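Engineer: Pasting the sequence and the predicted coordinates here, then a few questions.
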Amino acid sequence: MGVINTKTITYFGLSLLIFGTALTCTVFVPSSHWVYDFIDRMEAKRFLPIVLAGTKPMTRAEIADFLTKVKTHQEQLSKVERDQLDFLLFEFHEHTSHTSSHKTRVQKIKESKWIKTWWPHFLYPQGRHLLEIDSGPVKINIDPIFYRGRMFADDDTLDERERVNTDTNGFLVWGTVGTHFGYYTDIRDTREWGTRDYPVGNTTGEGLGFVQGNGQQIYHDETVAYVLFSHKYLNVQFGKDSNVWGPGYRGQLFMSDYPTSYDQFKLQIVLKRLKFTYLLGWLKHYTPKYFKGDPTTKILAAHRLEFAPFRVIDIGLHSAVIYASRSFEPAYLNPVMFFRSAEHYLGDQDNAAMGVDLEIKAIKNTKLYGELFLDDLTTSRLGSGFYGNKYGVTAGLYYVDVLGLANLDFRIEYTALRPYTYAHKDTATAYAHFITPLGHPIGPNAVNLYAQLQYRLSRRLLFNLNYEMTNFGENTDDWNVGRDIFRPRNGFTDSETVRLLDGIRHDIRSLGLRGEYEFIRNGFFELAINLLNTDISQQSDWNYPVVRSQVEFGFRFNY
């Protein structure tokens, strides 16, 4: 087996830096940024015929190109959309030739006669970033990160009101060097405390990496940090980041940003009708020994081809393999290798998966999309409940300007994941990072229906009404129904037949109302009210519905 040491990777990265002659330097835009919702909307309205948005994050240069194309349809946009576009052209102005008339509230405050005489010139010099340094080939942007969130809940099972407080502090530094090199660092520390039971010592949590608790609170830190080489249609990234592959809104089956970020090397080619991505990621397999100096090597190799054979159809094809407890496999370093075949060649011991997704925009203002995730499949036993048929499906509809009402959107999305999906006979190669699935957050042996009606009153203010139904079947000590991705089937004790939602049935219904107001650039007030009803099947000791009311509110800045 061939081995590639870290020096080889270092030399390769330095060669890109020294010999690169790219025309455009850029960084990726986090997949949580609202610009993706704007682009999604413009694509549905046919102002952007080809986007290939199933592969995220995108670079600032790529997004700026889409904004430039939308600009040519400016007269057909609503006032709210024009305001959004004007702001985004200001936000991404380094990569566009269009000027924006937008002025942030910070700029307006700076220019007021009572303030401008004493305002430090180095703070928010252009109204975007707290500090902006432009020194020859080096550009640096620095911003604080701040979040304060509070949650209150009452339900039938609580003796007192549940309270959860979340405080996050951090900073963001990003910029470029020369004409080919970008860098990005996002560091944040979070403290959570309240009435919940918190662990003691070092551990992990759903969607998180390192977590430290003292029984009264937990602390965790999250970092995204990478360097990016860009040259025309080529992007090469090395660092710690997240990826989103698939068209889903509530979640993606193959790869989502639900788990914490991970170290990775990414090679990407971006053309007008085609986008190819190769990813090599270093994941973490969590066991009680993890924080005692006994980590397990766990590596992900994946690639995705997204293309548009027609203007109204986007297709995505992807595959991945996870292997553990050994160094690099040359077969998995090959960006164009068929990983399932390579896994067979290497002894059929690793966890391979593949998938396909589709997006159709044949009707104006409407997008139909779907995704199929294949973990394992025996076609001759389809419909029999065979445990080895491990797959998931997503189907969705996105409809903008509902019934001709500008700025009103409707979305409905259905997802189902068969039992044992994401699991593997070797728990070290489960399709997960720490304890969190790489794909959809509902996990295996579950069904989810999500519907949302959203109205944007202005660029700054939006409301949405959402309904969500989640059903899942839970394991018991003596009945494994494939709910836990770290509990593979035991060939001696577990049944070969397991059907979707077998086990202790949980039915959760949620109705929510959410509002969000951007009072300053990247500064948001948010409020969410949710009513939840949980019904647990008669097979458990708990057999009556639980009604829960929950209120969340917070303030976030560059978060």
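Structural biologist: Done, it's in.

Engineer: what's the pLDDT at K7?
Structural biologist: On pLDDT, K7 comes in at 46.

Engineer: do S327 as well
Structural biologist: Value for S327, per-residue pLDDT: 82.

Engineer: Next: I18.
Structural biologist: pLDDT, read off for I18, is 36.

Engineer: Other residues contacting stretch 525-534?
Structural biologist: Residues lying outside stretch 525-534 but in contact with it, judged by C-beta atoms under 8 Å, 6 or more residues apart in numbering, are 155, 506-517, 519, 545-556. Where you see a C-beta, it was placed from the backbone N, CA and C, and this is true even at glycine.

Engineer: One more pass at 7 Å, please.
Structural biologist: Under the criterion C-beta atoms under 7 Å, 6 or more residues apart in numbering, residues 506, 508-517, 519, 545-555 lie in contact with stretch 525-534.

Engineer: what does stretch 56-74 give?
Structural biologist: Residues external to stretch 56-74 that are found in contact with it (C-beta under 7 Å, 6+ apart): 24, 26-31, 35-36, 39, 42, 47-48, 51, 82, 85, 88-89, 92, 95-96, 98, 230, 235, 244, 270.

Engineer: residues of stretch 314-330 that come out buried?
Structural biologist: Of the residues in stretch 314-330, those with enough neighbours to count as buried (16 or more other C-beta atoms under 10 Å) are 314-316, 318-324, 328-329.

Engineer: Please apply the same query to stretch 228-235.
Structural biologist: Within stretch 228-235, the residues that qualify as buried are 228-231, 235, counting by 16+ other C-beta under 10 Å.

Engineer: what two of these are the furthest from one another?
Structural biologist: Of all pairs drawn from those, the one with the longest distance (C-beta to C-beta) is L228 and H231, at 10.8 Å.

Engineer: quick one, phi/psi of the closest residue to L131 other than its chain neighbours?
Structural biologist: Leaving out its chain neighbours, the residue that sits closest to L131 by C-beta to C-beta, 6 or more residues apart in numbering is I142, at 4.1 Å. Torsion angles at I142 (phi, psi; degrees, to the nearest 10) stand at phi -130, psi 130.

Engineer: Can you give me every residue that contacts I142?
Structural biologist: If a contact means C-beta under 7 Å, 6+ apart, then I142 has 129-131, 171, 173 as its contacts.

Engineer: Put the alpha carbons of stretch 455-467 into PDB.
Structural biologist: As requested, the backbone C-alpha atoms of stretch 455-467 are provided in PDB (Å, rounded to 0.1, in the frame of the first residue of the first chain):
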ATOM      1  CA  TYR A 455     -42.700  36.400   2.900                       C
ATOM      2  CA  ARG A 456     -40.000  39.100   2.600                       C
ATOM      3  CA  LEU A 457     -41.500  42.400   3.500                       C
ATOM      4  CA  SER A 458     -38.300  44.300   2.700                       C
ATOM      5  CA  ARG A 459     -34.600  43.500   2.200                       C
ATOM      6  CA  ARG A 460     -34.200  43.700   6.000                       C
ATOM      7  CA  LEU A 461     -37.400  42.000   7.200                       C
ATOM      8  CA  LEU A 462     -38.800  38.500   6.600                       C
ATOM      9  CA  PHE A 463     -41.300  36.200   8.100                       C
ATOM     10  CA  ASN A 464     -41.900  32.500   7.600                       C
ATOM     11  CA  LEU A 465     -44.500  30.000   8.700                       C
ATOM     12  CA  ASN A 466     -43.400  26.400   8.800                       C
ATOM     13  CA  TYR A 467     -44.800  23.000   9.500                       C
END
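
Engineer: what does it rub up against?
Structural biologist: 80, 83-84, 87, 407-408, 451-454, 511-518.

Engineer: Quick one: mean pLDDT over that stretch.
Structural biologist: For stretch 455-467, mean pLDDT is 98.

Engineer: quick one: it to chain centroid distance?
Structural biologist: 21 Å (C-alpha atoms, centre = their mean, to the nearest Å).

Engineer: What residues sit buried inside it?
Structural biologist: By neighbour count, with 16+ other C-beta under 10 Å as the criterion, the buried positions of stretch 455-467 are 455-456, 459-460, 462, 464, 466.

Engineer: Could you list which of these belong to helices?
Structural biologist: Within the buried residues of stretch 455-467, membership in helices is found for no residue, as judged by DSSP state H.

Engineer: farthest-separated two in those?
Structural biologist: Pairwise over the buried residues of stretch 455-467, using C-beta to C-beta, the maximum falls at R459 and N466, 21.3 Å.

Engineer: For this protein, which segments count as helices?
Structural biologist: 6-19, 35-44, 60-71, 79-91, 105-111, 339-345.

Engineer: how about JSON lines for these, with distance to S380 added?
Structural biologist: Supplementary listing: these in JSON lines, determined by distance: least, C-beta to C-beta, whole Å:
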{"stretch": "helix 6-19", "distance to S380": "44"}
{"stretch": "helix 35-44", "distance to S380": "39"}
{"stretch": "helix 60-71", "distance to S380": "43"}
{"stretch": "helix 79-91", "distance to S380": "51"}
{"stretch": "helix 105-111", "distance to S380": "64"}
{"stretch": "helix 339-345", "distance to S380": "18"}
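
Engineer: Out of these, which gets nearest to T223?
Structural biologist: The closest of those to T223 is helix 6-19. By C-beta to C-beta, the value is 18.8 Å.

Engineer: PyMOL command for the buried members of the contacts of stretch 525-534?
Structural biologist: Filtering the contacts of stretch 525-534 down to the buried ones (16+ other C-beta under 10 Å) takes a single PyMOL command:
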select buried, resi 506+508+509+510+512+514+516+548+550+552+554
